[in-house]
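Trainee: the following comprises the amino acid sequence and a computationally predicted model.
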Amino acid sequence: MRIAPVFFALCASVLLNAERKPNFVFILADDLTYNLLGCYGGVDAKTPHIDQLAKDGMRFTHAYSASAMCAPFRAELYTGLYPVRNGVAWNHSSAKPGTKSVVHYLQEQGYRVGLSGKKHASPESTFPFEVLKGFPTGKSVREFMTRDADQPYCLFLCSNNAHAAWTTGDASNFDANAVQLNPIQYDTPAIREVMTRYLAEVEDFDRETGEILAMLDDAGQSDDTLVMLSSEQGWALGFAKWTNWDLGVHTGFIARWPGKIEAGSVSNALIQMADVLPTFLEAAGATHVPGRFDGRSFYRHLLGEEQPLREFVYHVHNNVPEGNPYPIRSVRNAEFHYIQNLTPDASYHEKHVMVDDSRLKWWPDLKAGEARGDARAIALLKKFHNRPAEELYQPDRDVYELNNLAGNPEYAYVKARLRAEMERWMEEQGDPGAALDDAEVHAANRAAVKGL
C-alpha cells in the first residue's frame, strides 16, 4: 500500500524528465581554420578543452558553411536558409524583410534565446536575440542560464577569436621558426610572426570554451544541454575566407550531449550550418519542422540512429563589398568538390587582404617574392588572382586543393554531374549567378535594408 504513491511519483518523474526539452549552447569561433584544432590534426596550438569536447561527444569531419564570410555564415546558421534565400549573400548585409530566425522558431517551442559576444546579424526584427553582456561567462550570461529552471534556453556564445588583428592570447607560447606552415603559405619571417599571434588566439578560444563548459558544470546543466561548437570559416591569411575553397568553407564541428551522443564518436556525414536550426527544433520535440528550411535535421544521426542525410553541400561567394565583383559557386559530395568561377576572365581582388601594407603580411610578402622572380610566389599569386572557369578537387586526398582535376578526361563525368547539381541548386534558390554580384544590385540591396 505504501509503495504505490512512491511508484507513481517515480513514474511521473521519469515521464517529466523524458519530456524535458534540452538546453542548447552553441559556441562559435571567428575565422578559425578548422585543421589547426588538435582534434582535427593541429599540432602547434594547444586546444585541450575543445579536444576533450570531441572525446566526450561527436566530431564531424565534413561540416560546411555555405559562405566563408562572417555575416553570411551567421545568417545561414540562425535562419536555416542559404545566403540567396535569406538575403545575406554578401558580407555586412542584412536578411530579407520578414525572414524568421532561430529566435522566433525556438520561442514558439517555449525557449528563451540569447546571444553573447559577436552578433553580426541584422535586422533586429529577424534576429531579436536577448543580447547578453560579459562574454563568455559574465554575470548576465550566468543569470540567463539559471533564470528559470523550468524554461529551456538556447544560447549562442560567439567569440572574436581568431579574427584579425590577433591581440589576445600569448604569442610567446610559439617559436616562429618552428611553426608549421601549410602548402599554400609562403614562408617568410613576417608570415611566421603573424602565425604566432594567430595561433595565440586559437588557444585563447580554447580557454573561452573551457570556461563555458565549466560554467555548465557549475550550474549542474551539462547533462541536460546539447552543446555544439563550430570553428566558423577559415582564416583571412589567403586561400580560405572570402573564397569557396575547402579551407574556407570547411568548419570544425563538435556536438556533445552526455547520455545521448556516443562519447568519442566520429561522423563523416556531410552537414551544413543551415542544418543546425532544424536539428534544434527536432531535439526540442517540435511536432512539425517547417519544410521551407534549406537545412535538414541531423538530430537522430546524433543519437546514433539511421536518418536520411545530405548527398551534397553548397557554397556561394559574392565578393562585393569586400572587393571587385567576383561571383563563385560550388558544390561537393562525399568525394569531390566542384567550383565554378562565373567571371573567369576577371582577376580576383579582395580589398582587405590584397593590399601592400596589409597587417596580414601574406599578400605583400607574396608580391615581394614575385618581384624577386620566386617561382613559388608566382604560382601562389596566379592561383589566387587568376582562376579558371572550373575547378574540381578531391579535398579528402588534396586538403589544400592544389591539384585541379577539371581538365582531366578521367573525371569528365564527375564534373558534369556536379555542374548539373550546382545549376539545379542555383535555379532552386533563385540565384541569378553573376548578376547577383553586380555592384548596382548590391547597392540596391543595401539601400532597401537601410529603409527597413
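Mentor: Right, received. Where do you want to start?
Trainee: below-threshold pLDDT in the stretch 301-450 of the chain: ranges please.
Mentor: 437-450 (pLDDT under 70).
Trainee: can you do 90?
Mentor: Scanning the stretch 301-450 of the chain for pLDDT under 90 picks out 319-324, 350-360, 435-450.
Trainee: residues of the helix or strand Pro278 falls within that come out buried?
Mentor: Per DSSP states H and E: Pro278 is located in helix 276-283. Neighbour-count burial for helix 276-283, counted by 16 or more other Cβ atoms under 10 Å, picks out Val276, Leu277, Pro278, Thr279, Phe280, Leu281, Glu282, Ala283. (Each C-beta comes from the backbone N, C-alpha and C, glycine too.)
Trainee: centre of the chain to that helix, how far?
Mentor: Distance of helix 276-283 from its chain centroid, counting by Cα atoms, centre = their mean, to the nearest Å, is 16 Å.
Trainee: same question for stretch 420-435.
Mentor: Stretch 420-435 sits 22 Å away from the centroid of its parent chain (Cα atoms, centre = their mean).
Trainee: could you do stretch 339-346 as well?
Mentor: In terms of Cα atoms, centre = their mean, the centre of stretch 339-346 is found 24 Å from the chain centre.
Trainee: confirm that Ala190 sits in a helix.
Mentor: Yes - applying DSSP: H, G, I helix; E, B strand; the rest coil, one finds Ala190 inside a helix.
Trainee: roughly how far does it sit from Ala269?
Mentor: 40 Å (Cβ to Cβ, to the nearest Å).
Trainee: who are the contact partners of Phe298?
Mentor: Residues in contact with Phe298 (Cβ atoms under 8 Å, 6 or more residues apart in numbering) are Ala269, Ile271, Asp275, Thr279, Gln307, Leu309.
Trainee: isn't the fourth one right next to Leu302, touching?
Mentor: Think Thr279. Yes - when contacts are counted by Cβ atoms under 8 Å, Thr279 is listed as touching Leu302 (7.4 Å).
Trainee: can you say which helix or strand has Ala71 in it?
Mentor: Here Ala71 is assigned to helix 70-79, by DSSP H and E.
Trainee: swap that for Leu360, please
Mentor: Under the criterion DSSP H and E, no helix or strand holds Leu360.
Trainee: I'd say it and Lys241 touch.
Mentor: No - between Leu360 and Lys241 no contact is recorded; they are 10.5 Å apart, counting by Cβ under 8 Å.
Trainee: comparing these two, which residue is more hemmed in?
Mentor: Taking neighbours as other Cβ atoms under 10 Å, Leu360 and Lys241 compare with Lys241 leading, 29 against 22.
Trainee: my guess is the more buried one contacts Glu232. True?
Mentor: No - using Cβ under 8 Å, Lys241 is not in contact with Glu232; the gap is 9.1 Å.
Trainee: three-state assignment of Phe26?
Mentor: With three-state DSSP as the criterion, Phe26 reads strand.
Trainee: count residues in the vicinity of it, would you?
Mentor: If we define neighbours as other Cβ under 10 Å, then Phe26 has 21 of them.
Trainee: so in terms of bridging, what pairs with it?
Mentor: Here Phe26 sits in beta bridges with Phe156, Met228, as judged by DSSP bridges.
Trainee: mind listing what it touches?
Mentor: Neighbouring residues of Phe26 by Cβ under 8 Å, 6+ apart: Leu77, Cys154, Leu155, Phe156, Leu157, Val227, Met228, Leu229, Ser230, Val276.
Trainee: phi first, then psi, for the residue nearest to the spatial centre of the chain.
Mentor: Geometric centre of the chain, nearest residue: Glu232, 3.2 Å, by Cα atoms, centre = their mean. Note on Glu232: backbone dihedrals following degrees, to the nearest 10 are phi 60, psi -160.
Trainee: quick one: residues contacting the closest residue to Ala286 other than its chain neighbours.
Mentor: Once flanking residues are discounted, Ala286 sits nearest to Gln109: 5.8 Å by Cβ to Cβ, 6 or more residues apart in numbering. Residues near Gln109 by Cβ under 8 Å, 6+ apart: Lys21, Leu281, Ala284, Gly285, Ala286.
Trainee: may I ask which of those residues has the most neighbours?
Mentor: Counting neighbours by other Cβ under 10 Å, Leu281 leads the contacts of Gln109 with 24 neighbours.
Trainee: shared neighbours of Lys241 and Glu232, anything?
Mentor: Contact with both Lys241 and Glu232 is made by residues Asp31, according to Cβ under 8 Å, 6+ apart.
Trainee: and the residue lying closest to Tyr186 once chain neighbours are set aside, what does it touch?
Mentor: Excluding its sequence neighbours, the residue lying closest to Tyr186 (Cβ to Cβ, 6+ apart) is Leu366, at 5.2 Å. Leu366 makes contacts with Tyr186, Gly238, Ala377, Leu380, Leu381, as judged by Cβ under 8 Å, 6+ apart.
Trainee: chain center to stretch 253-261, what's the gap?
Mentor: Distance of stretch 253-261 from its chain centroid, counting by Cα atoms, centre = their mean, is 18 Å.
Trainee: what's the mean pLDDT across that stretch?
Mentor: Mean pLDDT, stretch 253-261: 98.
Trainee: other residues contacting that stretch?
Mentor: Taking Cβ under 8 Å, 6+ apart as the rule, stretch 253-261 contacts 22, 39, 50, 53-54, 56-60, 63, 222-223, 225-231, 271, 302-304.
Trainee: so what's Ala54 up against?
Mentor: With the criterion set at Cβ under 8 Å, 6+ apart, Ala54 makes contact with Cys39, Ile254, Gly264.
Trainee: ok, so of these, who is nearest Leu405?
Mentor: Relative to Leu405, the closest of the contacts of Ala54 is Cys39; by Cβ to Cβ it sits at 29.2 Å.
Trainee: let's verify the closest one: helix, strand, or coil?
Mentor: Applying three-state DSSP: Cys39 is helix.
Trainee: was I right about it contacting Met58?
Mentor: No - shown here, Cys39 and Met58 do not form a contact pair, counting by Cβ under 8 Å, at 11.3 Å.
Trainee: picking that back up, who wins on neighbours among the contacts of Phe298?
Mentor: Most neighbours among the contacts of Phe298, by other Cβ under 10 Å: Asp275, with 27 neighbours.
Trainee: could you measure from the nearest residue to that one once chain neighbours are set aside over to Ala240?
Mentor: Counting by Cβ to Cβ, 6+ apart, Gly295 is the residue found nearest to Asp275 once chain neighbours are left out, at 4.0 Å. Note on Gly295: its distance to Ala240, by Cβ to Cβ, is 23 Å.
Trainee: before we move on, what about Pro344?
Mentor: For Pro344, the distance to Ala240 equals 20 Å [Cβ to Cβ].
Trainee: quick one, which of the two is more surrounded?
Mentor: Neighbour count, other Cβ under 10 Å: between Pro344 and Ala240, Ala240 has more, with 23 against 14.
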